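Undergrad: Here is a sequence with its predicted model. Questions after.
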Amino acid sequence: MSKAASTFRKSDVKRAIQAAESAGMTVCRVEIDAAGKIILVPDNGGSDAAQAKPRDPLDNWIASHARSTEGY
């Protein structure tokens, strides 16, 4: 079996990251699908998906009234 030709090159990924960083985006992760589409995922201060969700007033209230330690 022969090796399939790559749908992207390292230079394509480097160029995409450099363009995003010059636009002010901090890249957290790069994803490349089978078709060669390059997806840059921005760093929003945390890698947890829950942190990326917009917070509603209830979430804000729970966060401000949560106990920092239980004392156990």
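TA: Cool, the structure landed.
Undergrad: List the buried residues in the top helix by length along the chain.
TA: For the chain, the helix with the greatest residue count under DSSP state H is helix 10-22. Residues of helix 10-22 classed as buried: A16 (neighbour count, 16 or more other C-beta atoms under 10 Å). The C-beta positions use only the backbone N, C-alpha and C, and glycine is treated the same way.
Undergrad: so D43 makes contact with C28?
TA: Yes. Using C-beta atoms under 8 Å, D43 makes contact with C28 at a distance of 3.7 Å.
Undergrad: List the contacts of A5.
TA: For A5, no residue meets the contact criterion (C-beta atoms under 8 Å, 6 or more residues apart in numbering).
Undergrad: quick one: secondary structure of it?
TA: coil (DSSP: H, G, I helix; E, B strand; the rest coil).
Undergrad: From A66, how far off is it?
TA: Noted for A5: a distance of 53 Å to A66, by C-beta to C-beta, to the nearest Å.
Undergrad: can you pull out the strands in this protein?
TA: 27-32, 38-42 (DSSP state E).
Undergrad: So what are the sheet partners of the longest one and their directions?
TA: When pairs are called by DSSP bridges, strand 27-32 turns out to pair with strand 38-42 (antiparallel).
Undergrad: Contacts for the partner strand, please.
TA: 8, 12-13, 16-17, 20, 25-33.
Undergrad: Kindly reformat the strands of the chain as TSV and extend each row with mean neighbour count and distance to L58.
TA: Output for these, formatted as TSV (neighbours: other C-beta atoms under 10 Å; distance: least, C-beta to C-beta, whole Å):
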stretch	mean neighbour count	distance to L58
strand 27-32	12	28
strand 38-42	14	26
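Undergrad: Mean pLDDT and distance to P57 for those - can I get that in a markdown table?
TA: Compiled in a markdown table, the strands of the chain are given as follows (pLDDT from 0 to 100; distance: least, C-beta to C-beta, whole Å):
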| stretch | mean pLDDT | distance to P57 |
| --- | --- | --- |
| strand 27-32 | 92 | 28 |
| strand 38-42 | 93 | 26 |
